[in-house]
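*Asks:* quick one, structure for this:
(chains A and B)
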Protein chains: 2
Amino acid sequence: MGDTVNTNASWLGQFLHERGIQVDKITTITDQKEAISQVMEEAMGSADMVISTGGLGPTLDDITKKCLAEYFEVGFVHVPEVETHIKSIFKSRNLEYSESNQAQAYIPENAELLFNAAGTAPGMLFREQSTWLIVLPGVPHEMKHIMTQVVAPMLQDLGALDVLETRYLKIAGVGESHLADYWLHDLSQHLKNGLDIAFLPSTGQVSLRITARAHDRQQAVQDVESLAEMIRNRLGDLVYTEEKEESLASALGRILETEKYTIATAESCTGGLMGHLLTETPGSSAYVKGGIISYDNQVKVDQLGVMPSDLETHGAVSAPVALAMAKGVAQRLGAEVGISATGIAGPDGGSVEKPVGTVWLGFFTPSEHFAVRAEFSHNRSLNKLRSAITAFEIARRNLLGMENLPYDLKKITPERMVD
Amino acid sequence: MGDTVNTNASWLGQFLHERGIQVDKITTITDQKEAISQVMEEAMGSADMVISTGGLGPTLDDITKKCLAEYFEVGFVHVPEVETHIKSIFKSRNLEYSESNQAQAYIPENAELLFNAAGTAPGMLFREQSTWLIVLPGVPHEMKHIMTQVVAPMLQDLGALDVLETRYLKIAGVGESHLADYWLHDLSQHLKNGLDIAFLPSTGQVSLRITARAHDRQQAVQDVESLAEMIRNRLGDLVYTEEKEESLASALGRILETEKYTIATAESCTGGLMGHLLTETPGSSAYVKGGIISYDNQVKVDQLGVMPSDLETHGAVSAPVALAMAKGVAQRLGAEVGISATGIAGPDGGSVEKPVGTVWLGFFTPSEHFAVRAEFSHNRSLNKLRSAITAFEIARRNLLGMENLPYDLKKITPERMVD
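*Replies:* Okay, here's the model as predicted:
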């Protein structure tokens, strides 16, 4: 019916590919016995490994287990370990244990249990001649849990599956091609079969994913670490985190917290996004003082101390206004660091000198004060996000004493102001 | 390899299901001739309609067209209309037209052209006995374009495909089950085969999707409109928009703009999210003055006029502080409407009286001033978003003169303050 996108297929595809197993075919079928039997027969006859997901729940349309028992012409056995586990889940959720749930503790006689610590439906392994049939629940996090925690170690022991080690190095404020050509150049000689690097770009950022695949973990760790170490040496502090899930705002927060600095935001075109992103991190109240969203020019004057004459002469999207906003918010809110953004988010409001996507970003600490001009895209939401990301990266690099600005932007200080 | 999630399959599944066609099987295979031929043979022998996507590009691994010509044992014909179209695309993109692109203007002799106005790879239709084989490019927007603009009308003319009419009614601040039981009850007698209603919940909101399917458009429009009209009568102004893509922030903005009111936000737990969401709408500078992100208590005092004694006696998450924030930001930024949020976003910082998820929202206009207490979840990001959505819906309902607050929350006015 199209209600569900098959992300299990792509996750399994990537999981297997990265570990040296080639996927031949993916088939999606209806919950009908004939369809299941037919595709099972065909798959078992043509592949070394068959993975099935879904249809293991307690409701009427979950018929996979019954089809399998018929296919293999076997009965069911009760697995006490699974029943105990299901009962404990029901107890912890204050739910009543019913007959249909009890059925989940039975598996076909010829199945080996793949214990599902993440849910109630047990996974199963059938070994038929040279083919392995792995049967998993369809709930993505349960499927992934059994695959990574139970199936992968079994296959590794057999030597059927390689070990995979992964490192993430995240960078902001450097274009993907500039990162490749200028910073990383000639990596090819360091790569080999099973050792790869992927560039994963997102708005204003690039994640480098290094993967090493080998028969044993020690080799994989050694491979991935030697390449990661070389890239760390080339990039230095450009890498803002090696935690896959850590945001740039959170990495900036770590530095602020270490330095015992606080930050405040003065936001025109970003409209509050910088504050929102900074406060997504738990515990950010330790270093976020707050901010002023100065969408209206009068708010820039009244709440941030922007000079009306600067607004008149240079316009709201200008160096003097960005400078005054960053300084004003830091001083009025009592923060060591002030960052600001004022720009033309679009889709309208551009001019020849200041097209849509023109943004001035301001930065202020007691020891430094400058603004930079950037030009982004024609998309309103993307302009807001790139402005926030670039402002965070300017602050992060400055606090670490790095010289280069993101995208090699130029500092405009109050003393040498041009517009 | 798992790099691509097959969203084409779910899009086509939904497209066909909604129009009365049942999908039997979805198969994903490698770009190899044997695999393509085998699955094509099987599909053509078992279905009334077969849809293939992908493999029509100009590069070496795009072999679908060649496989089809071999399968049907036919040669290729040149389609001048397609060549002209491809050349005009290349010209508009300043690209050189090459030999491999010229090959895209050829299709198998027995194919009917499904013209692809959205790209260079033509779609094709093969009619073999009673089975239709529809061959489409894999690029999602090209596939969707040909399917909706070229294939759907052909199938409708044949009577093979129903016409679908859809209406969206979006509601905020009412739980899904309360909406169904209390507001909409007994809809079943108004539904019939081909006329359906779906509840699509998202954070703090529900979209009602009404779909009518019929053989001709007039009937579908009549069906969908008669149900939509009945629901409009039951819900009245609870429906904030009937535009599928319009956000609640944008709907609130429409009312502010009509009334010539401006708005300002005072944000503690939301950290700037309310300002960010309001300013996602192009042209929002007409009614957004700005805001104060008062994450730190001192900022609440200095920038918003919150009384230090209230912070001390009642704490930052309290009615008096939410009231003072909303009033303070409206008055200091010169806006007619002030909204505020102060709460415990989590995951830490809760207590017995004020568990994680406790939020006070404030509302101020020259004629009304009140606060409400809400309790949300344990998830930081969701708490921020639900706080923003609920504050917007409080403002929207108030400006429209509606009595009920979202989730039947209670107004606490400055005169009858309790904590």
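
*Asks:* partner strands of the helix or strand hosting A:Thr28, parallel or antiparallel?
*Replies:* Using DSSP states H and E, A:Thr28 falls within strand A:25-29. In the sheet, strand A:25-29 lines up against strand B:25-29 (antiparallel) (DSSP bridges).

*Asks:* average pLDDT across the partner strand?
*Replies:* Taken as a whole, strand B:25-29 has an average pLDDT of 96.

*Asks:* ok, stretch A:122-133 next?
*Replies:* 93.

*Asks:* ok, now stretch A:353-362?
*Replies:* pLDDT averaged over stretch A:353-362 gives 96.

*Asks:* just to revisit the earlier point, run the chain-centre distance for the strand holding A:Thr28.
*Replies:* 28 Å (CA atoms, centre = their mean, to the nearest Å).

*Asks:* what comes up buried for stretch A:138-151?
*Replies:* Residues of stretch A:138-151 classed as buried by neighbour count (16 or more other CB atoms under 10 Å in any protein chain shown): A:Gly138, A:Val139, A:Glu142, A:Met143, A:Lys144, A:His145, A:Ile146, A:Met147, A:Val150, A:Val151. For the C-beta atoms, the positions are set from N, CA and C on the backbone; glycine is no exception.

*Asks:* A:Ile86: what's its closest spatial neighbour, skipping adjacent residues?
*Replies:* Sequence neighbours aside, A:Thr120 is the residue nearest to A:Ile86 in space, at 4.8 Å (criterion: CB to CB, 6 or more residues apart in numbering or on different chains).

*Asks:* typo on my end, it should be A:Tyr97
*Replies:* A:Phe90 (4.7 Å).

*Asks:* for the helix or strand where the one you found lies, packing partners?
*Replies:* Following DSSP H and E, one finds A:Phe90 within helix A:80-92. With contacts defined as 3 or more CB pairs under 8 Å, 6 or more residues apart in numbering or on different chains; DSSP states H and E, the packing partners of helix A:80-92 are helix A:99-102.

*Asks:* could you give me the average pLDDT of the helix or strand just after the helix it packs on?
*Replies:* For helix A:99-102, the following helix or strand on the C-terminal side (DSSP H and E) is strand A:106-108. Strand A:106-108 comes out with an average pLDDT of 95.

*Asks:* got the phi and psi for the nearest residue to A:Leu161 once chain neighbours are set aside?
*Replies:* Leaving out its chain neighbours, the residue that sits closest to A:Leu161 by CB to CB, 6+ apart is A:Leu155, at 3.6 Å. When read as degrees, to the nearest 10, the backbone of A:Leu155 gives phi -70, psi -30.

*Asks:* before we move on, back to that, surely the residue nearest to A:Ile86 and A:Gln104 touch.
*Replies:* Yes. Applying CB atoms under 8 Å, one finds A:Thr120 in contact with A:Gln104, separated by 5.4 Å.

*Asks:* so between the two, which is more surrounded?
*Replies:* A:Gln104 (23 against 20; other CB atoms under 10 Å in any protein chain shown).

*Asks:* contact partners for that one?
*Replies:* By CB atoms under 8 Å, 6 or more residues apart in numbering or on different chains, A:Gln104 lies in contact with A:Leu56, A:Pro58, A:Val82, A:Ile86, A:Thr120, A:Ala121, A:Pro122.

*Asks:* again, only using 10 Å
*Replies:* A:56-58, A:62, A:65, A:79, A:82-83, A:85-86, A:116, A:119-122, A:137 (CB atoms under 10 Å, 6 or more residues apart in numbering or on different chains).

*Asks:* the least confident helix or strand in chain A by mean pLDDT packs against which elements?
*Replies:* Lowest on mean pLDDT, DSSP states H and E among the helices and strands of chain A sits helix A:99-102, with a mean of 80. When contacts are defined as 3 or more CB pairs under 10 Å, 6 or more residues apart in numbering or on different chains; DSSP states H and E, helix A:99-102 packs onto helix A:80-92.
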